[in-house]
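>>> Compute the structure for the input listed below.
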Amino acid sequence: MALASDDRQATSICNHCDRAIPSLNMDLHFAYCSRNLEKCKVCGGMVPKKFAEEHFLSTHAPVACSLCTQTMERDILDVHKGEKCPQRIVTCEYCEFPLPAIDLFKHQEVCGNRTELCPLCRKYIRLCERNGHESKCNGVVYNVAESSRNTRLPVRDRGGAQRRPPHEISPRLLLYTIAITGIAVLLGSLFFRRKPGENEVH
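Numbering: from 1, shown residues only. You can find the predicted model right below:
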């Protein structure tokens, strides 16, 4: 009984498909395997002979990427489009603008040099240094300069007082304007006053 059990468990490698097959079934398996299956020359997988061409066309036949027109095997097309294609759309880490991967480096080189005001220390920091700055910033306020986004602080004159916006008029200037206008009206009325009898008909 032990010998019979060992015979049933013994296996042999099929010369056609390289699979381990029970030795007792090898003749039957090999006849079916060699007649119906063939090994793919590209991937080495066993496929039915009647589907061999379809397998090649659907899995291994060269195809062109719709983004960059590069030719490759079909089974790596999805990986190419998602990770390697130079024309795949990626996003700038600074401004989140979508653009082709081939242009990303030059874009971020410029975009990362723009500055933003740190809300803690009030210092303008380059975007490419923002993460490192935020981890070290202690909140000490510095004098700030004009940012690349044209953010301007209020302009102060030499005396330290803040200049008034152009549309604001000081009370003193308003009174001065009213006085000048009153004097002009008074002089005008005196100058153009008609003499008595000037328009009488002789």
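
>>> residues making contact with the helix or strand hosting L174?
If you go by DSSP states H and E, L174 is part of helix 171-191. In this structure, no residues lie in contact with helix 171-191 by CB atoms under 8 Å, 6 or more residues apart in numbering. Heads up, the C-betas are built off the backbone N, CA and C, glycines and all.

>>> List the buried residues in that helix.
Across helix 171-191, burial judged by 16 or more other CB atoms under 10 Å covers no residue at all.

>>> And that helix, how far out from the chain middle?
Relative to its parent chain, helix 171-191 has a centroid offset of 63 Å by CA atoms, centre = their mean, to the nearest Å.

>>> Find the residue ranges of the protein scoring beneath the pLDDT cut-off.
1-8, 139-170, 192-202 (pLDDT under 70).

>>> I'd like to know how far E53 sits from A61.
10 Å (CB to CB, to the nearest Å).

>>> so who does G45 touch?
Counting by CB under 8 Å, 6+ apart, G45 has contacts 39, 55.

>>> residues near Q108, how many?
For Q108, the count of nearby residues is 19 (other CB atoms under 10 Å).

>>> Leaving out sequence neighbours, find the closest residue to it.
C92 (5.7 Å; CB to CB, 6 or more residues apart in numbering).

>>> beta partners for the residue nearest in space to the middle of the chain?
Nearest to the mean C-alpha position of the chain, by CA atoms, centre = their mean, lies T91 at 1.7 Å. Counting by DSSP bridges, T91 forms beta bridges with P98.

>>> residues in contact with it?
97-99.

>>> And E134, by the same measure?
C118.

>>> out of the contacts of T91, which is most surrounded?
Neighbour-wise, the contacts of T91 (other CB under 10 Å) top out at L99, 15 neighbours.

>>> From what I see, that residue and V90 are in contact.
Yes. Contact criterion CB atoms under 8 Å: L99 and V90 qualify, at 6.9 Å.

>>> And the closest residue to C118 other than its chain neighbours, how close does it get to V110?
The shortest distance from C118 to any non-neighbouring residue, by CB to CB, 6+ apart, is to I125 (5.2 Å). Plainly put, I125 is 16 Å away from V110 if you go by CB to CB.

>>> Could you do C17 as well?
58 Å.

>>> between those two, who's got more neighbours?
More neighbours surround C17 than the other of C17 and V110, with 17 against 10 (other CB under 10 Å).

>>> So that one is in contact with Y32, correct?
No. Taking contacts as CB under 8 Å, C17 lies outside contact range of Y32: 10.2 Å.

>>> what ranges do the helices span in this structure?
Counting by DSSP state H, residue ranges of the helices within the chain are 2-9, 26-36, 52-55, 77-79, 104-111, 130-136, 171-191.

>>> Now do the buried residues in stretch 62-82.
Here stretch 62-82 shows 63, 65, 68, 77, 80 as buried, counting by 16+ other CB under 10 Å.

>>> Lovely, talk soon.
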